[in-house]
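*Asks:* 3D model of this:
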Amino acid sequence: MGTPGGARSWRIRSQLGNEEAAVQTVRRLSLCCGLLILWNASGAFSAEPRRVDRLDLQDGDTIVFLGDSITHQSLFTQYVEDFFYTRLPGLRIRIHNSGVGGAKASDALQRFDRDVAAYKPKYVAVLLGMNDGGVKPYDDELFQTYRRDMNRIADRIVEIGATPIWMTPTMYDATAARASGRPVPAERTEFYNATLAYYGAWLREFAGTRGGAFVDLYGPLNELTHQARRDQADFTMIKDAVHPDAPGQLVMAAAFLEDLQFAKPLSNIRITVGSQAPVVRATGGVATEVTGTGDELSFLWEADGLPWAPPPETEAGIRLLNLGHRWTREALEVHGLDPGQYDLLIDGEPVGRFSAEQLARHVELQSNPRTPQYQQAVQVAELNRKRNDTAIRPLRNEWRDFQAARRVEAGLAFQPDNEKLKAQLATLQKSLIGIEERIAAHETLASEIDNEIRKVNRPLPRKYELKKHVPAEVSVRIREGGRPLMNALVQLHGLLGVMAEARTDGTGDCLLQTQSGSDLDPGDYWLVIKPGPRMELAAADMFSQMVTVRSGRNEFELQLETCLKSQ
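*Replies:* Residues are numbered from 1 along each chain as shown. Coordinates of the predicted model:
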């Protein structure tokens, strides 16, 4: 997700090996970019605006996310990528992150050709405004500058044949700012979130006149934050007041996907068993080889996609959004089963135990960490995290120096004798030498990891089995020297410690009971025998051996050598 699709409009001449060459490079880039962003006042871009409610994604399409530091964080874009990787595994959708920390709309215009147009996007999602508003009460001069530059961005998007997706500025969390302990101007905490609300309201109208899609990020972040504060007064998803943390970035990704109509169930499997052949109705995949009766069911399921599995650090956002149920529900519904408990196995591995009543209502599996498809989705997300950490975020860092150089250069135009600005520009120009090669290297690494992801993001056929649960019962009879071994403590040890135990009676027999009173699961256990209060070990160690416990009745009879004796 992220290599240019054709010839670039210009290249950063990183082969220039000295400071003067770097100066020429920046000046040429400035002239090129400046000429290309001139507003065509004659109406060259006056085509009828087209509103878009959903994305028409085809194999090979590219989405560019143009923004500031909130996009530069490479989190909400990463989570959107995770969704596309898992839910649209058959499509190679490219996402290019074009966020740069501190960017305003004017900065985005400066790098538009190389950082947006060069990737030949079908859609350009624009998230700007947090810096444009100045982080202070509403300033009309700043807003009019933002308005002018957003119109220029709209012109450029139309010029390259792409469709814009206008995203509102996110939330300024004044509560988090006041709680930070840092000195913050009172007028900022009181007014700046309202300023951003105004920018977002204007942007909605702007989207209506200029065309494209509209995504509200401001509303969900504010509403969910205030909802959570009913129970936790200091709750925040934006600890530094400006940059959403992982839960907030997940809320942003979910808002993007919901407003563009991607929020829908992953799959639903509905099967009715009975005296006739099972009846299957399914969406989101194909069920084959279906066999079943009133107390068992088996089928092969090949899904169209995998569940969306955001990383653990987004947990607060997952909870507030009810994310699994709303965005990626994976439901299994079975009717006609005999009353009782049923074990669900996928590819032979147990994933849960459900009653016939639960299965008739439906069970949801999308967030079940024991399903192989969820584990597969986690693998995809981990690889994509690696891709963003090692390739995408470093690539975005390359553009910070370019943006800084442009700003210093603009300052020198007004203060040509400012020695401090001259020194800053010289340092920045040096940092730009070789930038094109570094960008190419980051893009190559991103593409290599993308190819790794493509090898593991395809759903595999999975065998589902429902088997009526028969509790495991374990009875033990112990003979030592031909006589019943009385009052010995008999235990079954599993990975979590003692799972069941009992003492032998006068006949040397016992029926083991779990400590919690719940059923004992089938599996392998260590059967351990310890001496009773009137017994001692003759050997250095207690007796133990591995046993396999199966569903239903299990009887173990042990004939011990003389290892325990009465006192």
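
*Asks:* how far away is the residue nearest to Met542 when sequence neighbours are not counted from Gly212?
*Replies:* Spatial nearest neighbour of Met542, excluding adjacent residues (CB to CB, 6 or more residues apart in numbering): Lys530 at 5.2 Å. Quick note: C-beta positions are derived from backbone N, CA and C, even for glycine. To Gly212, Lys530 is 74 Å away according to CB to CB, to the nearest Å.

*Asks:* Looking at the two, which one has more neighbours?
*Replies:* The neighbour comparison of Lys530 against Gly212 (other CB atoms under 10 Å) goes to Gly212, with 23 against 16.

*Asks:* Kindly state the pLDDT recorded for that one?
*Replies:* If you check Gly212, the pLDDT there is 97.

*Asks:* thought it was touching Thr163?
*Replies:* Yes - Gly212 is in contact with Thr163 according to CB atoms under 8 Å; the separation is 5.4 Å.

*Asks:* hey, what's in contact with both of those two?
*Replies:* 50, 52, 157 (CB atoms under 8 Å, 6 or more residues apart in numbering).

*Asks:* So which of the residues you listed is the closest to Gly434?
*Replies:* Closest to Gly434 out of the shared contacts of Gly212 and Thr163 is Ile157 (29.9 Å), distances taken as CB to CB.

*Asks:* show me what contacts that closest one?
*Replies:* So Ile157 contacts 124, 126, 163-164, 212 (CB under 8 Å, 6+ apart).

*Asks:* what's the farthest-apart pair in those residues?
*Replies:* Across the contacts of Ile157 (CB to CB), the longest gap, 11.2 Å, separates Val126 and Thr163.

*Asks:* These two: who's more crowded?
*Replies:* Neighbour count, other CB under 10 Å: between Val126 and Thr163, Val126 has more, with 26 against 19.

*Asks:* Looks to me like that one is in a helix.
*Replies:* No - using DSSP: H, G, I helix; E, B strand; the rest coil, the assignment for Val126 is strand, not a helix.

*Asks:* Enumerate every residue touching it.
*Replies:* So Val126 contacts 66-67, 108, 150, 153, 157, 164-167 (CB under 8 Å, 6+ apart).

*Asks:* Now do the SS call for the spatially most central residue of the chain.
*Replies:* With distances taken as CA atoms, centre = their mean, Pro310 lies nearest the centre of the chain, 2.6 Å away. Here Pro310 is coil, with the state taken from three-state DSSP.

*Asks:* average pLDDT across stretch 267-277?
*Replies:* For stretch 267-277, the mean confidence score works out to 92.

*Asks:* for it, how far is the first residue from the last?
*Replies:* 22 Å (CA to CA, to the nearest Å).

*Asks:* And for it, what's in contact with it?
*Replies:* 278-285, 287, 290, 292-294, 297, 299, 301, 303-305, 329-337, 362.

*Asks:* Determine how far that stretch lies from the middle of the whole chain.
*Replies:* Put simply, stretch 267-277 sits 32 Å off its chain's centre (CA atoms, centre = their mean, to the nearest Å).

*Asks:* which residues does the closest residue to Lys264 other than its chain neighbours contact?
*Replies:* Leaving aside its chain neighbours, Lys264 sits nearest to Trp327 (7.8 Å; criterion: CB to CB, 6+ apart). By CB under 8 Å, 6+ apart, Trp327 lies in contact with 83, 254, 257-258, 262-264, 308, 321.

*Asks:* Now which of those would you call buried?
*Replies:* Among these, the ones that count as buried by 16 or more other CB atoms under 10 Å are 83, 254, 257-258, 262-263, 308, 321.

*Asks:* With secondary structure and pLDDT added, can I get these in CSV?
*Replies:* Output for those, formatted as CSV (DSSP: H, G, I helix; E, B strand; the rest coil; pLDDT from 0 to 100):
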residue, secondary structure, pLDDT
Phe83, helix, 97
Ala254, helix, 97
Leu257, helix, 97
Glu258, helix, 96
Phe262, coil, 94
Ala263, coil, 91
Trp308, coil, 97
Leu321, helix, 95
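
*Asks:* from the residues you listed, which is closest to Phe112?
*Replies:* Relative to Phe112, the closest of these is Leu257; by CB to CB it sits at 25.5 Å.

*Asks:* how near is that closest one to Lys122?
*Replies:* 17 Å.

*Asks:* Please spell out which residues along the helix or strand harbouring Val547 are buried.
*Replies:* In the assignment (DSSP states H and E), Val547 maps to strand 543-549. Neighbour counts over strand 543-549 (16+ other CB under 10 Å) mark 543, 547, 549 as buried.

*Asks:* Now do whichever helix or strand comes after it against strand 543-549, angle only.
*Replies:* Sequence-wise, the next helix or strand downstream of strand 543-549 (DSSP H and E) is strand 552-560. In terms of direction (axes from the mean of the first three to the mean of the last three CA atoms, to 10 degrees), strand 552-560 departs from strand 543-549 by 160 degrees.

*Asks:* Flag the shaky bits of the stretch 351-500 of the chain, pLDDT-wise.
*Replies:* Across the stretch 351-500 of the chain, nothing is flagged by pLDDT under 70.

*Asks:* do the stretch 201-350 of the chain as well
*Replies:* In the stretch 201-350 of the chain, no residues with pLDDT under 70.

*Asks:* quick revisit: tell me which of the contacts of Ile157 is nearest to Phe76?
*Replies:* Val126 (13.6 Å).

*Asks:* Contact partners for Asp259?
*Replies:* By CB under 8 Å, 6+ apart, the neighbours of Asp259 are 213-216.

*Asks:* Also Pro310?
*Replies:* Contacts of Pro310 by CB under 8 Å, 6+ apart are 79, 82, 250, 317-318, 323, 381.

*Asks:* Pull up the distance across stretch 300-312, start to finish.
*Replies:* 30 Å.

*Asks:* That one: which residues count as buried?
*Replies:* Applying 16+ other CB under 10 Å to stretch 300-312 flags 301, 303, 305-311 as buried.

*Asks:* Tell me how far that stretch lies from the chain's centre.
*Replies:* That offset, for stretch 300-312, works out to 12 Å (CA atoms, centre = their mean).

*Asks:* For the remainder of this discussion, apply numbering that starts at 38.
*Replies:* Renumbered: residue one is now 38, and that last one reads stretch 337-349.

*Asks:* possible to save the contacts of Ile194 as TSV with distance to Asp380?
*Replies:* Converted to TSV, the contacts of Ile194 look like this (distance: CB to CB, whole Å):
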residue	distance to Asp380
Val161	50
Val163	50
Thr200	49
Pro201	51
Gly249	50
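
*Asks:* what bridges to the residue nearest to Met579?
*Replies:* Leu526 (DSSP bridges).

*Asks:* quick one: it and Thr541 touch, right?
*Replies:* No - at 10.9 Å, Lys567 and Thr541 do not qualify as touching, with contact defined as CB under 8 Å.

*Asks:* Quickly list what's touching both of these two.
*Replies:* With contacts defined as CB under 8 Å, 6+ apart, the residues adjacent to both Lys567 and Thr541 are 525, 527.

*Asks:* Check the gap between the residue nearest to the centre of the chain and Leu233 for me.
*Replies:* According to CB to CB, Pro347 stands 25 Å off from Leu233.

*Asks:* gap between the two ends of stretch 376-394?
*Replies:* 8 Å.

*Asks:* Equivalent analysis for stretch 295-311, please.
*Replies:* Stretch 295-311 has an end-to-end distance of 39 Å (CA to CA).

*Asks:* Can you list the buried residues in that stretch?
*Replies:* For stretch 295-311, burial by neighbour count (16+ other CB under 10 Å) applies to 295-297, 299-300, 302-310.

*Asks:* In contact with the spatially closest residue to Leu94 that is not a sequence neighbour, which residues?
*Replies:* Nearest non-adjacent residue to Leu94, counting by CB to CB, 6+ apart: Ile130, 5.8 Å away. For Ile130, the contacting residues are 38, 94, 96, 98-100, 121, by CB under 8 Å, 6+ apart.

*Asks:* Great, nothing more from me.
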